[in-house]
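Asker: I would like to see how this sequence folds:
(chains A and B)
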Amino acid sequence: MAGWDRHSGLAVALPMENIDTDQLVPARFMSTPRSEGYGRFLLHDLRHDESGTPHADFPLNAAPEASILVARRNFGGGSSREAAVYTLVDAGFRIVIAPSFGDIFAGNAINNGLLPAKVSEAEAEHLIAALAEPAEAHVDLTACRIRLDAHDIGFELDPIRQRKLINGWDDIDLTRADADRIAAFRDRRREAAPWAWPTAPQR
Amino acid sequence: MTAPRTLLDKLWDAHEIVRREDGASLLWVDRHLVHEGSHHAFAKIAARGLPVAEPDLTIAVVDHYAPTRDRAAIADKQIARMIGTLERNAQDHGLELYGLNDPRQGIVHVVGPEQGLTLPGLLITCGDSHTSTHGAFGALAFGIGATEVAHVLATQTVWQSRPKAMRIVIEGALAPSVTAKDIALNWISRLGADGGHGHAIEYAGATIRALSMESRMTLCNMSIEGGARFGMIAPDETTYAYLKGRPHAPTGAGWQAALADWRTLESDPGATFDAEITIQAETIAPTVTWGISPDQAIPVDAALPDPAGLPPARARHVEAALDYMGLQPGQPISGTPVDQVFIGSCTNARIEDLRAAAAVLKGRKAVVPGLVSPGSMLVRAQAETEGLDRIFTEAGLSWEAAGCSMCVAMNGDHVAAGKRCASTTNRNFKGRQGRGARTHLMSPAMAAAAAITGRITDVRDFDPARAA
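Answerer: From the prediction side, this is the model:
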């Protein structure tokens, strides 16, 4: 995964709270292999009518090239499905700005290069108001700042996650470098707490 | 002399292999549960040519796509493919498999405890947000995404930042017909669907001590609906009695050694929590959701909210939820007609849940259709031994096989658009049970009462202790 530290792109507002991961990707699409792309599933049932025709007035449908999404609180709550992040990334989004995020969603986002930028409720409302029409915004990941017209606001991001996004770290490669420490820990635990390994089934 | 530690601290410290300078911890995983939805993660390790690091600690369970009927010939090719992929991955990597036709098959969060795979003091991960269920045993259990599932498969470890500690204390005696589900919906409605963000919740207090393991699992299961990835309860005699003799639980000297370790798993007196609330059990009523987020829950004898009088932003939010749900502001929620009921899911499909629903349904008829899907095939067998299946079928409900079923609507069981379902599940999100479906979350006894009247009904009206 490639790291990044600055992004400029079209921002679009989705002024809703509790956009859960079931809405981001309805369960019925989740058997699809990732290689086929998930962008077309993003918020599918909000964006399309029963026959599959896109709602012309839905904000995302009016701005297919948007890469920055602004929403209200508790974005990405609910199911741990990482496919919710795939829909955003595959549709071209790099940043979601909201007052709060589901914990599992936020972790999944970082693992896919998507920034969950946490701002205050008031700042989210300012951005939503400024985005009556989609507009160009600029995000500086190193400085944790968002710029949109006259607005220049900070966002919160755990420094661990900031470092990971900027460096584009792959955890499996990093962790495998610690293989000896993991093996030593395993042996100590097996010695100290043998009950922590499943016994052969008793029938 | 060390500072007093919380249960979270003890579990965390026992699993921490490395702590980086930036504070991230690499944690050892004692049990990794996988299901059909883990296909992305298996594909990721296959792409790197990596094996499963610890096949003995990795357990595969068919649940999300498991058909609840006609298992011999699965009509839907996609569903058959998803199940086949998990079964093949389990075989290729040498994992213990609870496959579709295994008599022990069921929902992963029911099977783990039932088989004694879930134990106090373990760190348990699964690519499912309701993994918090296992915290009921005093385990550190949490849901992870596909990238993390691949990481656990490849390394048996997971990187995490230590969450903050929150304690929810429940004191006093629950009124008749008030259950763990009502405790969960009560605190979530107080704190909000994001009230637990960034926190691990420990449930404590006399009311919690008096709960059965099944009820503790229901409560911990719902932690994620209040935004908390972790829910946990310190183990005690109730926990040990549940586990002793389970197929994979320790035996003999191993059991004694385990008990000695498990008895240390409690928050020390004087340990500090980042957040704490206390709720009196007597103030909790049978509770039902009215909206499209689990915090939109009210006592069954209360009225729906009225946007008039709310600040504009709140009013819009409430209006949108009422509109989706097809409900009128200010009306009593009791009496709302339902089209169907669903009794099932990792939240409320254990034997105690089925007994509670059957106690209300016994000798009565449902006036709306309903599906009962036990949490596991062993729960199903136990229920049949007790004759519960006949109570359900004689009432007119369908008695089917085990799986996630209509909770997540991936296996073909779903609620049709515009239909209203009284459901024992965990999420009333828009479209969760099917596109356009309207879900009201409630306890199994409340769902049974709704089946009998065809309306959202105060189960206390059916309680023999309160009957006129």
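Asker: contacts, neighbours, all on C-alpha from now
Answerer: Will do.
Asker: low-confidence ranges in chain A?
Answerer: Under the criterion pLDDT under 70, the flagged ranges of chain A are A:202-203.
Asker: show me where it has its strands.
Answerer: Using DSSP state E, the strands found in chain A span residues A:6-14, A:68-71, A:95-98, A:115-118, A:135-140, A:145-148, A:151-154.
Asker: of the ones you listed, which is nearest A:Asp178?
Answerer: Comparison of these against A:Asp178 by CA to CA identifies strand A:115-118 as nearest, at 26.9 Å.
Asker: check contacts around residue 104.
Answerer: Using chain A. A:Gly77, A:Ser80, B:Ser129, B:Gly143, B:Ile144, B:Gly145, B:Arg229 (CA atoms under 8 Å, 6 or more residues apart in numbering or on different chains).
Asker: meant chain B actually
Answerer: Counting by CA under 8 Å, 6+ apart, B:Arg104 touches B:Tyr98, B:Val111, B:Ser376, B:Met377, B:Leu378.
Asker: pick out whichever of these sits closest to B:His414.
Answerer: Of all the contacts of B:Arg104, B:His414 sits closest to B:Ser376, with 19.1 Å by CA to CA.
Asker: quick one: the strands of chain A as JSON lines, columns for distance to chain B and mean neighbour count too.
Answerer: Shown next, in JSON lines, are the strands of chain A (distance: least, CA to the nearest CA, whole Å; neighbours: other CA atoms under 10 Å in any protein chain shown):
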{"stretch": "strand A:6-14", "distance to chain B": "13", "mean neighbour count": "20"}
{"stretch": "strand A:68-71", "distance to chain B": "13", "mean neighbour count": "24"}
{"stretch": "strand A:95-98", "distance to chain B": "13", "mean neighbour count": "24"}
{"stretch": "strand A:115-118", "distance to chain B": "13", "mean neighbour count": "24"}
{"stretch": "strand A:135-140", "distance to chain B": "21", "mean neighbour count": "18"}
{"stretch": "strand A:145-148", "distance to chain B": "21", "mean neighbour count": "18"}
{"stretch": "strand A:151-154", "distance to chain B": "20", "mean neighbour count": "15"}
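Asker: name the residue of chain B that lies nearest to chain A.
Answerer: Minimum separation of chain B from chain A (CA to the nearest CA) falls at B:Pro247, amounting to 4.5 Å.
Asker: can you redo the strands of chain A as JSON lines with distance to B:His40?
Answerer: JSON lines is the format used below for these (distance: least, CA to CA, whole Å):
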{"stretch": "strand A:6-14", "distance to B:His40": "28"}
{"stretch": "strand A:68-71", "distance to B:His40": "25"}
{"stretch": "strand A:95-98", "distance to B:His40": "23"}
{"stretch": "strand A:115-118", "distance to B:His40": "21"}
{"stretch": "strand A:135-140", "distance to B:His40": "30"}
{"stretch": "strand A:145-148", "distance to B:His40": "33"}
{"stretch": "strand A:151-154", "distance to B:His40": "35"}
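Asker: follow-up on the earlier one: which of the contacts of A:Ile104 sits closest to A:Ala11?
Answerer: A:Gly77 (21.6 Å).
Asker: what residues are up against the residue nearest to that closest one when sequence neighbours are not counted?
Answerer: Nearest residue to A:Gly77, sequence neighbours excluded (CA to CA, 6 or more residues apart in numbering or on different chains): A:Gly102, at 4.1 Å. Listed by CA under 8 Å, 6+ apart, the contact set of A:Gly102 reads A:Asn74, A:Phe75, A:Gly76, A:Gly77, A:Gly78, B:Asp194, B:His197, B:Gly227.
Asker: most neighbours among these, please name it.
Answerer: Using other CA atoms under 10 Å in any protein chain shown as the neighbour criterion, A:Gly78 leads those with 32 neighbours.
Asker: these two touch, right, that one and A:Thr21?
Answerer: Yes. In this structure A:Gly78 lies within contact range of A:Thr21 using CA atoms under 8 Å: 5.9 Å.
Asker: show me the residue sitting in the middle of chain A in space.
Answerer: When chain A is reduced to its mean C-alpha position, the nearest residue by CA atoms, centre = their mean turns out to be A:Ala109, at 3.1 Å.
Asker: what helix or strand is the nearest residue to A:Pro33 once chain neighbours are set aside located in?
Answerer: Closest residue to A:Pro33 apart from its sequence neighbours, by CA to CA, 6+ apart: B:His40 at 7.3 Å. Using DSSP states H and E, B:His40 maps to helix B:39-48.
Asker: what comes into contact with that helix?
Answerer: Taking CA under 8 Å, 6+ apart as the rule, helix B:39-48 contacts A:33-34, B:51, B:82, B:85-86, B:89, B:146-147, B:149-150, B:153-154.
Asker: report the distance from it to the chain centre.
Answerer: Per CA atoms, centre = their mean, to the nearest Å, the displacement of helix B:39-48 from the mean C-alpha position of its chain is 27 Å.
Asker: cool, stretch B:217-225 as well?
Answerer: Here stretch B:217-225 is found 5 Å from its chain centre; the criterion is CA atoms, centre = their mean.
Asker: and it, what's buried?
Answerer: Buried residues in stretch B:217-225, counted by 16 or more other CA atoms under 10 Å in any protein chain shown: B:Met217, B:Thr218, B:Leu219, B:Cys220, B:Asn221, B:Met222, B:Ser223, B:Ile224, B:Glu225.
Asker: closest one of those to A:Arg6?
Answerer: Using CA to CA, those come closest to A:Arg6 at B:Ile224, 32.7 Å.
Asker: surely that closest one is in contact with B:Phe230?
Answerer: Yes. Because the distance of 7.2 Å satisfies CA under 8 Å, B:Ile224 is recorded as touching B:Phe230.
Asker: wait, what's in contact with B:Ala146?
Answerer: B:Ala146 is in contact with A:Arg81, A:Glu82, A:Asn108, B:Ser38, B:His40, B:Ala41, B:Gly127, counting by CA under 8 Å, 6+ apart.
Asker: quick check: the third one touching A:Tyr86?
Answerer: No. Checked against CA under 8 Å, the pair A:Asn108 and A:Tyr86 is beyond contact range at 9.3 Å.
Asker: check what pLDDT B:Pro337 gets.
Answerer: The per-residue pLDDT reported for B:Pro337 equals 98.
Asker: name the nearest residue to it, sequence neighbours excluded.
Answerer: Per CA to CA, 6+ apart, closest to B:Pro337 is B:Arg455, 4.1 Å.
Asker: what's the burial count for that neighbour?
Answerer: 23.
Asker: follow-up on the earlier one: common neighbours of B:Ile224 and B:Phe230, please.
Answerer: Contacts common to B:Ile224 and B:Phe230, judged by CA under 8 Å, 6+ apart, are B:Ser132.
Asker: list the buried residues in stretch B:167-176.
Answerer: Residues of stretch B:167-176 classed as buried: B:Arg167, B:Ile168, B:Val169, B:Ile170, B:Glu171, B:Ala173, B:Leu174 (neighbour count, 16+ other CA under 10 Å).
Asker: what mean pLDDT does it have?
Answerer: Averaged over stretch B:167-176, pLDDT sits at 97.
Asker: just the strands in the stretch 151-300 of chain B please.
Answerer: B:157-160, B:164-171, B:199-204, B:230-232, B:275-280, B:287-289, B:297-299 (DSSP state E, counting those that start in this stretch).
Asker: quick one, which of those is packed in tightest?
Answerer: Mean neighbours per residue, mean count of other CA atoms under 10 Å in any protein chain shown, is largest over those for strand B:230-232, with a mean of 32.
Asker: same for it, what does it pack against?
Answerer: Helices and strands touching strand B:230-232, by 3 or more CA pairs under 8 Å, 6 or more residues apart in numbering or on different chains; DSSP states H and E, are strand B:140-143, strand B:199-204, helix B:213-221.
Asker: can you list these in a markdown table and add mean pLDDT and distance to A:Ile68?
Answerer: Below are the helices and strands packed on strand B:230-232 laid out as a markdown table (pLDDT from 0 to 100; distance: least, CA to CA, whole Å):
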| stretch | mean pLDDT | distance to A:Ile68 |
| --- | --- | --- |
| strand B:140-143 | 98 | 27 |
| strand B:199-204 | 98 | 28 |
| helix B:213-221 | 98 | 33 |
